[in-house]
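Engineer: okay, sequence plus prediction incoming.
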Amino acid sequence: MVGSVAVQAQATAGHIFGKAPAGDTVRAKSTTNGMQRHVEVDEKGRYMLSSLPVGVYTVTLEENGKPVVKHLNVGVIVGRGIKVDFDCTQGECGQLANNQ
């Protein structure tokens, strides 16, 4: 291919990772364009949402399909990972959010 340049997703994207209760779902929604991506937390309590376009996101922890805790204004930067932890145990995250 003469004159073409390969552009990798990493060149225009970043990722969000962290800890959360195993089996719950973490959802990232762009406040810029409304794009959403979600992932289930693994058995070790870790998750990663990769190849997210640069921008600002709301990152939500969901238990049984219902949002219980949100992190607002999480900035995703080109080629970098942003750590967003949900420091609670399964079933208690909603109670913590209601008491704050």
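Structural biologist: Arrived safely.

Engineer: list the strands paired with the strand or helix carrying F17, with their directions.
Structural biologist: Per DSSP states H and E: F17 is located in strand 13-19. If you go by DSSP bridges, strand 13-19 pairs up with strand 46-53 (antiparallel), strand 81-83 (parallel).

Engineer: quick check: angle from the longest strand seen in the chain to strand 46-53?
Structural biologist: Secondary structure of the chain per DSSP state E: the longest strand is strand 66-76. The directions of strand 66-76 and strand 46-53 differ by 50 degrees, with axes from the mean of the first three to the mean of the last three Cα atoms, to 10 degrees as the criterion.

Engineer: average pLDDT for strand 66-76?
Structural biologist: Strand 66-76 comes out with an average pLDDT of 95.

Engineer: parallel or antiparallel, list what pairs with it.
Structural biologist: Partners of strand 66-76 in the sheet, by DSSP bridges, are strand 55-63 (antiparallel).

Engineer: would you mind listing the outside residues contacting the strand it pairs with?
Structural biologist: Applying Cβ atoms under 8 Å, 6 or more residues apart in numbering, the set of residues contacting strand 55-63 from outside is 16, 20-21, 24-33, 38, 67-76, 84, 86, 90-91, 93-94. Every residue, glycine included, has its C-beta placed from N, CA and C.

Engineer: residues of it that come out buried?
Structural biologist: Going by neighbour count (16 or more other Cβ atoms under 10 Å), the buried part of strand 55-63 is 55, 57-63.
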